[in-house]
Structures are given as structure tokens and as C-alpha cells.
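**Student:** sequence first, then the predicted structure, then my questions.
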Amino acid sequence: MVCCRRISDAEAELHLPPGFRFHPTDEELVVHYLCKKVTCQRLPVPIVAEVQLYNYDPWELPEKALFGQREWYFFTPRDRKYPNGSRPNRSAGRGYWKATGADKPVSPKGGSTARPLGIKKALVFYSGKAPRGVKTDWIMHEYRLAPDANRTVVSKKGSLRLDDWVLCRLYNKKNNWQLQLQQQQQQQKEETMDSFDDTASDSFRSDIEHESFPELEHLVKPAIYQYPMPTLDEVQDVVRTSNTTVPMKEDNDWFMDLNLDDLQNSFGAF
């Protein structure tokens, strides 16, 4: 897949030793990666990608990672949900991240647990719009510096930027995201083909409806005859004729018209 090839290319560019595995602890992530990133120091190895994580669905992120097969690590900024609040905006892609469980403090070895260096938060991705989203198998551990930790960059008042950098560990609980992604892509492809077929059918039907067939016009269009307009004299003659009364014959008149020879011939034939 393109995702695996991209990660392999990134691993080759990092010049990692054979058999290298990246399984840092919470403390190592905060002390050696997040703190150094925030203070603009050089990282032990440039293995964590910088991504605007909340612009994507979680299944789109593995191909943007520099390393990993089941877990992927990213640096990302966080924005506020409201300009004057401290609540982060958890909308991402076509869903949202929802916090689960209590925050876990992260302290370096030998440090005071009363003043942790970082905070770890667990989140679950829901597909759809809150609060009716559908829970998925995508999990994210978000590491941020504690509020009282030293920072070189301070967010401007009124800015939507809550944190310049937090570190995120992303993984799929069932590790079947590739199969789900293939099924989703196949479904989208089928829906696209169905939409194309419907559009083509409607277009063909529209072309047939608007197509003209001159050779069939005499079967469809009724013939129209043009009658000449009557003249004024002809109209007057018709009026005079209609006003003329025809005398009706009386019953006795019919017998008066008959002669004797006609009657004898009629009785003889009978």
C-alpha cells in the first residue's frame, strides 16, 4: 500500500539501525521529545512527524507518519474551542475526539509527583456529529505540558491557539484499520459508479426527450388545414337564405297532386 511504502521511505531517510523499535514510555515522550520540541531543542531522532492532526480522520494519519506499523506519533498544535476559554477544539475530519477516563500526570524519574511535568489524556474517535457520533476503534494518547511547566512560547491573549505543540500517540484497538479502509474505499467507489450510471441514464433520457425526428413528425403532428375566409356577399346570401321560410304542405295538398292514373297503377301493382 501507499502508506507502507511512504513509511519505509521515511525510515530509510532517518538511517535507523537494523531492528530498531520505537516504544518510548510516557516519561520519555514528555522529557525527551515534547519538552525539547516546545523549547526548540534538537530531538534524539527526528522520528515524530508534524501534522495538523485535527484536520484529518484517524485512518488518514498512518500514511503521514514517519515511522510505525501499529502505533504512530505526531506533533500537532491545539486550538481553543472558544476564543476566551481553555477548552480545546476536538473536532477532527468527519468526526470528533472524545476524552475518556481521568488525566494521568507524567513526572520524570526522581521528580516530585506533586508537580508533574506533563499530562496524559486518553481519547476515542467518534465518527459523525456530536453527541450522536458512532464510536470507533481509534484511540489517541495526548501528551501536553503541565500548566506550571516552563515554556518559551506563550499564547497571545484572545488567540485561538491553545498549545503550540502537543505529542500524540495514535493506534487502532483492533488493528484492522487497513481492511476497514479498503472496504470504505470500495464502498465509495461503488457509490461513485452508481451515481455516474444514474447521471448517464438521466442524460441519455434527456437527450432522447429533446431529440427531434423529422421523419416521424407526420405521425405525431396533426395536419392543419387552412380554410379561405368567406366574402361579405357570401355571408349576406347565407343570412337571406336562413331567413326565407318554406311553406309547408297541408295534408289535402298531397292528395290534390295525385291523378287517377297514378292510383290505378299503384293498385294494379299491389
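**Tutor:** Done, it's in.
**Student:** could I get the full set of strands for the stretch 51-200 of the chain?
**Tutor:** Taking DSSP state E, counting those that start in this stretch as the criterion, the stretch 51-200 of the chain carries its strands at 71-79, 91-92, 95-106, 118-127, 134-145, 161-172.
**Student:** want to try JSON lines for those strands, with mean pLDDT, mean neighbour count and distance to Thr192 as columns?
**Tutor:** (Each C-beta comes from the backbone N, C-alpha and C, glycine too.) JSON lines is the format used below for the strands of the stretch 51-200 of the chain (pLDDT from 0 to 100; neighbours: other CB atoms under 10 Å; distance: least, CB to CB, whole Å):
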{"stretch": "strand 71-79", "mean pLDDT": "95", "mean neighbour count": "19", "distance to Thr192": "29"}
{"stretch": "strand 91-92", "mean pLDDT": "94", "mean neighbour count": "18", "distance to Thr192": "24"}
{"stretch": "strand 95-106", "mean pLDDT": "95", "mean neighbour count": "16", "distance to Thr192": "22"}
{"stretch": "strand 118-127", "mean pLDDT": "96", "mean neighbour count": "19", "distance to Thr192": "20"}
{"stretch": "strand 134-145", "mean pLDDT": "96", "mean neighbour count": "19", "distance to Thr192": "23"}
{"stretch": "strand 161-172", "mean pLDDT": "92", "mean neighbour count": "20", "distance to Thr192": "26"}
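**Student:** need these in JSON lines with distance to Ser195, can you?
**Tutor:** Output for the strands of the stretch 51-200 of the chain, formatted as JSON lines (distance: least, CB to CB, whole Å):
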{"stretch": "strand 71-79", "distance to Ser195": "33"}
{"stretch": "strand 91-92", "distance to Ser195": "27"}
{"stretch": "strand 95-106", "distance to Ser195": "24"}
{"stretch": "strand 118-127", "distance to Ser195": "22"}
{"stretch": "strand 134-145", "distance to Ser195": "24"}
{"stretch": "strand 161-172", "distance to Ser195": "30"}
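**Student:** ok, which of the ones you listed comes nearest Val51?
**Tutor:** Comparing the strands of the stretch 51-200 of the chain by their distance to Val51 (CB to CB), the top pick is strand 71-79, with 4.7 Å.
**Student:** against which helices or strands is the closest one packed?
**Tutor:** strand 49-50, strand 161-172 (3 or more CB pairs under 8 Å, 6 or more residues apart in numbering; DSSP states H and E).
**Student:** so which of those is nearest Ser86?
**Tutor:** For Ser86, the closest of those is strand 161-172, at 7.0 Å, according to CB to CB.
**Student:** who touches that closest one?
**Tutor:** With CB atoms under 8 Å, 6 or more residues apart in numbering as the test, strand 161-172 has contacts from 29-30, 33-34, 37-38, 48, 53, 58, 61-62, 70-80, 86, 88, 137-145, 153, 155.
**Student:** try 7 Å
**Tutor:** For strand 161-172, the surrounding residues in contact (CB atoms under 7 Å, 6 or more residues apart in numbering) are 29, 33-34, 37-38, 48, 53, 58, 61, 70-80, 86, 88, 137-144, 153, 155.
**Student:** repeat that for stretch 21-41.
**Tutor:** By CB under 7 Å, 6+ apart, the list of residues contacting stretch 21-41 reads 42-44, 47-48, 67-68, 75, 106, 108-109, 117-118, 120, 143, 145, 151-152, 164-165, 167.
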